[in-house]
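# Show me the folded form of this:
(one chain, ligands or ions: 2)
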Amino acid sequence: MPIRTLDDLAAADRAVGVRVDINSPLTDDGRLADDARLRAHVDTLAELLGDDARVAVLAHQGRPGGDEFARLESHAERLDDLLEFPVSYCDATFSQDARDAIAELDGGEAVILENTRFYSEEYMEFEPPRAAETFLVDRLAPALDAYVNDAFAAAHRSQPSLVGFPERVPAYAGRVMEEELAVLGAIDETPTPRTYVVGGAKVPDSVMVAEHALEHDLAEDVLVTGVVANVFLAAAGVDVGRESTAFIHDRGYENEIARAGDLLAEYGDRLHLPVDVAVERDGERVELSTDDLPPADDEALLDVGSETVAAYADVLAETGTAVLNGPAGVFEDDKFADGTRGIFEAASGAVYSIVGGGDTAAAIREFGLSGFDHVSTGGGAALRMLTGEELAAVEALR
Ligand SMILES: Nc1ncnc2c1ncn2[C@@H]1O[C@H](COP(=O)(O)OP(=O)(O)O)[C@@H](O)[C@H]1O
Ligand SMILES: O=C(OP(=O)(O)O)[C@H](O)COP(=O)(O)O
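Ligands and ions are numbered 1, 2, ... in the order given. Okay, here's the model as predicted:
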């Protein structure tokens, strides 16, 4: 069934629950360190508030027990700054206080309810009918006339606030959700040839993306970088050294070496591996040809080298669509940012370019790169879409 959008919602004076993903990095004293995800939802919220909806915002922050598990008060303050409509904060999620806060809203006013994950059922995954019976959905749904899901970045989670409400109240996709689904769902219609650049540290996800893109001829070429490249180099028989081998084993990625080997055997001509890498020696960046590996025992492969950047840039210069996920090296350390900066810059020049992943988007902001056509708000959700998987919360909207 097609998903209903805000175009189908007559929002005036109605209580609309809006699930957003404003899960953000925090400073040591618990303040927002980055507001990109809040800014992403401004259009959806402003549209509803401009239509005189009474908006109750639902969101999570962090994971139970984690450093970034926090109240949403500073998120509410920041949204109040970003929106030209009043935004208040309620330190309850579904209790009488929360329901009263919603009942007291006038049209054009919003309240941010407390972190949904303060409540234990929200950190579990359920089929939608069961999710609709959880306390959060059961207690809150009667206070809402409609539900909007704009939380694309969390859409792969089958948690109550994401899949339960559509069982109980009319449900719609917000503008972020709508755009992400339109762009990432139409990857096979973007300009060709397509080049996927997969890097970063989530090797199993990246190998799956590469596999899907090659198998389904979505990508002509796949360029590997980051830890993913180290795994592919190991699969190609290169000795990546003691440190990087230990890193791969510590993360439990040994099996990925065999999967990478299978992909190399089948698609070797379309899979590009680094020809040089960077290590730290006496506190400095030193580049080594992959022919000269392994490095010294205490040296890890922390970036791709400049010849790799040049070779990958040549491929990207001929590319219709570049799909980018994962930094090429430890870009947080300036010495190992060159690979990421150089390859991302080259990718931004493609006719059309799509970027996914939290660290990837952070690197783009840090380097001040522009020119990407779509920077996804999602990491895991975007990766799952790029591997052709359905997202639980999107299915619930259908
Ligand atoms: N060669 C490398 N060795 C160790 N870590 C790396 C290497 N290359 C990239 N990384 C790390 O990968 C992390 C980002 O990976 P990932 O989480 O997969 O990206 P994203 O959030 O964009 O999906 C960064 O913290 C970066 O330092
Ligand atoms: O940050 C998120 O996902 P991401 O790390 O894949 O970008 C979402 O808010 C989901 O959070 P979760 O991975 O704790 O369920």
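# Could you give the number of residues near the closest residue to ligand 2 within the chain?
Closest contact between the chain and ligand 2, by Cβ to the nearest ligand atom, is at residue 379 (2.8 Å). Bear in mind the C-beta positions are built from the backbone N, C-alpha and C, glycine included. One way to gauge burial is a neighbour count; for residue 379, by other Cβ atoms under 10 Å, it gives 21.
# any idea how far residue 171 is from it?
Applying Cβ to Cβ, to the nearest Å, one obtains 24 Å for the distance of residue 379 from residue 171.
# ok, now how distant is the residue of the chain closest to ligand 2 from residue 220?
In this structure, residue 379 lies at 25 Å from residue 220, with Cβ to Cβ as the measure.
# before we move on, the earlier item: mind listing what the residue of the chain closest to ligand 2 touches?
By Cβ atoms under 8 Å, 6 or more residues apart in numbering, residue 379 lies in contact with 153, 356, 357, 358, 359.
# Where strands are concerned, which of those count?
Restricting the contacts of residue 379 to those inside strands, with DSSP state E as the criterion, leaves residue 356.
# Out of the contacts of residue 379, which is nearest to residue 395?
Of all the contacts of residue 379, the one sitting nearest residue 395 is residue 153; the distance, using Cβ to Cβ, is 16.4 Å.
# hang on, that closest one packs against residue 37?
Yes - the pair residue 153 and residue 37 qualifies as a contact (Cβ atoms under 8 Å) at a distance of 7.0 Å.
# which residues do those two both contact?
Each of 21, 23, 377 lies in contact with both residue 153 and residue 37 under the rule Cβ under 8 Å, 6+ apart.
# What is the nearest of those residues to residue 307?
Proximity of the shared contacts of residue 153 and residue 37 to residue 307, judged by Cβ to Cβ, is greatest for residue 377, which lies at 34.0 Å.
# Now do the contacts for that closest one.
Counting by Cβ under 8 Å, 6+ apart, residue 377 makes contact with 21, 36, 37, 40, 152, 153, 176, 180.
# Please apply the same query to residue 397.
The neighbourhood of residue 397, defined by Cβ under 8 Å, 6+ apart, consists of 3, 4, 149, 166, 171, 172, 173, 177.
# Now list the buried members of these.
When neighbours are counted using 16 or more other Cβ atoms under 10 Å, those contain these buried positions: 3, 4, 149, 166, 171, 172, 173, 177.
# Helices - which of these land there?
Among these, DSSP state H puts residue 177 in helices.
# overlap between the buried ones among the contacts of residue 397 and the residues near ligand 1?
The subset of the buried ones among the contacts of residue 397 lying close to ligand 1, counting by Cβ under 6 Å from any ligand atom, is empty.
# Pick out the most distant pair among the buried ones among the contacts of residue 397.
Taking Cβ to Cβ, the two most distant members of the buried ones among the contacts of residue 397 are 166 and 177; they sit 12.4 Å apart.
# what do those two both touch?
149, 397.
# Tally up the residues packed near residue 10, please.
As a burial measure, residue 10 scores 10 neighbours (other Cβ under 10 Å).
# residue contacts, the nearest residue to it once chain neighbours are set aside?
Setting aside the residues directly before and after it, residue 10 is nearest to residue 51 in space (Cβ to Cβ, 6 or more residues apart in numbering), at 8.0 Å. Taking Cβ under 8 Å, 6+ apart as the criterion, residue 51 is in contact with 10, 11, 12.
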